[in-house]
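A.B. asks: Would you be able to build a 3D model of this:
(chains A and B)
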Amino acid sequence: MNGFFSPAGFFTRNETLVALVILGFSCIATVSDPNFLSITTVSDILRASIVLGILAVAAMLVLISGGIDVSFTAVAVSAMYMTTTFTLAYWPEMPWPLIFLLSICIGGLLGAINGIFIAWLKLPTLIVTLGTLSVFRGFLLTFVGSQRISALPPDMRGFSRLMVARGTTEGGSFYALPLAFVALIFVILLTWFLLNYTVLGRSIYALGGSVESARRIGINVLRIQFFIYVYVGMLAGLAGIIHGSMSRMADPFSLVGHELSVIAAVVLGGARLVGGYGTLTGTLLGVALIVLVQNSLIVVGIPSTWQSVAIGLLILIGTGVPAWQAKKAAAEAA
Amino acid sequence: MALPDPGAFVSMMGVTKRYAGVTALDNVDFRVGAGEAICLAGENGSGKSTLLKILAGVEQPTEGVIQIDGLQKDQLNPRLSAAAGIMVIFQDFSLFPNLTVAENIAFACQLTQHQKWFHKRDARTLATVALERIGVDIPIDERVESLPVAHKQLVAIARALASEARLIIMDEPTTALTEREVRSLLRIIRMLKDDGVAVVFVSHKLAEVLEVSERVVVLRNGCKVAEGPAEEFDTTSLTRHMTGRDVPEHPPNRLIETPETLMQVRNLNKEGSFHDVSFDIRKGEVLGITGLLGSGRTSLAKALFGLVTPDKGQINLNGHPIPLGDPIAAASSQIGYVPEDRLTEGLFLTQSIIRNVAIGRLDHHDKHGFLDLPALVGDASKWSNRFKVKTPSIEAPVQSLSGGNQQRVVLARWLARAPLVLILNGPSVGVDVGSKSDIHDIIRNLASSGLGVVVISDDLPELISTCHRILVMRLGKIIDEVGAGTVTEDELAYKLAS
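C.D. replies: Purely as a prediction, here's the structure:
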């Protein structure tokens, strides 16, 4: 591994590239609108990163292990909507920590279904999660409900009003950082610890490096794959309930359809689709860039319809440049 | 069934393994003492790999008893085997390319000790100690994917040592190594032996095997056919045990009198690879090109077929120049190229034998844009039969074949195109003794039928027994040319290295 600060490693890393693009974008945005560089913008972007960030951490874990999961948005929305309808029907006053726990558990259960197909039946991850994406969502809309619920349980609404910081700038604009942001921090720290300080976490990287080698040195591949999909399901359940609380509406049609922008953020941050590579720093920078583009493209004077073009170009350049550099280096070495 | 041997570290008694009706191992006894070096020899399909997998705990025997330190083990799995100190270094090394050297070395150890937490510092210490033990210096924070093959192997050995291996099994350890790297590997194996670590060596390369081992065990068709001290075997007797027949090595067929020049190579040059290379190939001639790894022989071979673009120079075939750096033009001028790494460069592994042969003839059976399928299939099956590809069905995927048979498929594909010149890069790499001799016969017959054949190889006996002339390369230059029958293996080895 090249050290983070060694020049060769530093400039070919996706992280550096993404960070530079973020910096460049911010400079342009500040020039065209001096108000851009403000605490309000920062808090807006952080708020918008919460759900995307948790989902991206989940997607990254699967990519590192050499798989790909496209069902996590369906897991998130199912966990959120089921939790909301259950709470409203049986215990509307349920305190929010319990509501969250319920959603996380439902997410974990749905993740376990993915895990069973992938770890035990050894089916390809893309096929399984494409299938469960459709099944989970269809099941939700058919059997649980397809109504948008805006009368959320009071404690969910209460949660969305909890802030870690809020205030008014001298210019008179409001800013606020919700408590949900702490959940993102918690997920990041937990996953960081898992990936870097546990044998389980290193085994996830090992699995992405070579499943056959992992099996041969005695890594319990089945158990680790199952763990991954349950963990990812739990993170999705958390992201789902936060999404519902913060948008103050349980919308069974939301989230699904965004799985590819989440995966895009992860890939932009340097995770490889072949598995074995991916860092939290990269993933979070990828998320920040995608959120920045989604929220602030308009500031630079680019119409919002250009959003997906911009994101697409970022993916092409962000993953293309390091790949091209690697290819050039390989050609020179040959 | 043999009686248990109290002094042995591992004893396998009467071990049989059947896969869906096929007997891969038949009532085999195998014993390894502490600090002993054993050579396990056998052709592809003889049951060597099955034996290794059973020891590693990857496969369970159908019948038989395994004892470790005199204690009977009913059920082995990779973790139990590793905990008992049995470590297998597979041909692909089974490393994690995305992890650092330190982590690769420490991983198995952490698993056998059932560790929960990963400490980077401990992993690095463990790795440093293990690498010091075999006396090599590899940057431990480097990712394994960026290491050369020889280093990867050393990492695999260090990993085995780090988890306190008492028996290291090496599957084909020397295939990908250069001569000098093999020397240093043999030195390390001797060192391990002195430390009381037993080594089982699985290899095709007979000379190396005899040099380092104390005892030889030969398997054929799943049965143990010979066993004894290494001094009692020589390459000829070992070959006879492995193949069950005598495999004579012939000198090359006589060259036809005053043959015409087929291909002319003039002043071919590529900066950093080969310099100012000129030679001729005549009709019916087998020309050998040899050199150590890094001498430019592989780049030159590729340049002849347009896979590497030379800076300057000229290649003529029958007096007509061939565009440089254009493999399609080379192929249509009837030059054939069989790559060294047939798995990644030469074959469509998951496709059938017939398709692999037929792909070279698609344009020949093109009828106004439609494919004449019956003619194509007939043509391809004729060629694969001619080369005696051993398979239950020509519809079987190529990956199910042994190395020797895969090489025949590649040869059949090119010969179906009736080439004038055939370039063979490492024609018998990873091929067992019996098939190797068959491939040499094929080369001789091709030349007799009027083809020009270029054999690029570092297998000196192979060159001596097939080639009429041998060009010796060093640092990108042709430094010598030797005629058939005028040189011994030792003289040639000296020319290569001096």
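
A.B. asks: burial of residue B:309, as a residue count?
C.D. replies: Residues lying near residue B:309 (other Cβ atoms under 10 Å in any protein chain shown) number 12. The C-beta positions use only the backbone N, C-alpha and C, and glycine is treated the same way.

A.B. asks: what do you get for the one 3 residues further on?
C.D. replies: The local packing count at residue B:312 equals 12, with neighbours defined by other Cβ under 10 Å.

A.B. asks: Nearest residue to it in space, please, no chain neighbours.
C.D. replies: Closest residue to residue B:312 apart from its sequence neighbours, by Cβ to Cβ, 6 or more residues apart in numbering or on different chains: residue B:269 at 5.1 Å.

A.B. asks: Same check on residue B:377?
C.D. replies: For residue B:377, the spatially nearest residue (Cβ to Cβ, 6+ apart) is residue B:354, at 6.2 Å.

A.B. asks: Would you quantify the distance from that neighbour to residue B:365?
C.D. replies: Residue B:354 sits 13 Å away from residue B:365, going by Cβ to Cβ, to the nearest Å.

A.B. asks: How about stretch B:49-61 and chain A, touching?
C.D. replies: Yes. Residues of stretch B:49-61 contacting chain A under Cβ under 8 Å from any Cβ of the partner chain: B:56, B:58.

A.B. asks: Any idea how far that stretch is from the middle of the chain?
C.D. replies: When C-alpha coordinates are averaged (Cα atoms, centre = their mean, to the nearest Å), stretch B:49-61 and its chain have centres 21 Å apart.

A.B. asks: Could I get the buried residue list for it?
C.D. replies: B:49-59, B:61 (16 or more other Cβ atoms under 10 Å in any protein chain shown).

A.B. asks: From those residues, which land in helices?
C.D. replies: Within those, residues falling in helices by DSSP state H are B:49-56.

A.B. asks: now, which of the residues you listed sits nearest chain A?
C.D. replies: Nearest to chain A out of those is residue B:56 (Cβ to the nearest Cβ; 7.0 Å).

A.B. asks: What score does that closest one have for pLDDT?
C.D. replies: At residue B:56, the model reports a pLDDT of 86.

A.B. asks: Any figure for the gap between the closest residue in space to residue A:95 that isn't next to it in sequence and chain B?
C.D. replies: Leaving aside its sequence neighbours, residue A:95 sits nearest to residue A:155 (Cβ to Cβ, 6+ apart; 5.5 Å). Applying Cβ to the nearest Cβ, to the nearest Å, the value for residue A:155 to chain B is 36 Å.

A.B. asks: Tell me how many other residues surround residue A:155.
C.D. replies: Residue A:155 has 18 nearby residues by other Cβ under 10 Å.

A.B. asks: which stretches of the stretch 1-150 of chain A aren't confidently modelled?
C.D. replies: Across the stretch 1-150 of chain A, the ranges flagged by pLDDT under 70 are A:1-12.

A.B. asks: how about the helices in it?
C.D. replies: For the stretch 1-150 of chain A, applying DSSP state H, counting those that start in this stretch gives helices covering A:7-12, A:14-32, A:39-64, A:72-90, A:96-115, A:125-139.

A.B. asks: Nearest to chain B, out of the ones you listed?
C.D. replies: The closest of those to chain B is helix A:39-64. By Cβ to the nearest Cβ, the value is 8.9 Å.

A.B. asks: what angle separates that closest one from helix A:72-90?
C.D. replies: 110 degrees (axes from the mean of the first three to the mean of the last three Cα atoms, to 10 degrees).

A.B. asks: Can you pick out the residue with more neighbours from residue B:354 and residue B:365?
C.D. replies: Neighbour count, other Cβ under 10 Å: between residue B:354 and residue B:365, residue B:354 has more, with 21 against 18.

A.B. asks: for that one, what are its contacts?
C.D. replies: Neighbouring residues of residue B:354 by Cβ atoms under 8 Å, 6 or more residues apart in numbering or on different chains: B:377, B:380-381, B:384, B:394-395.
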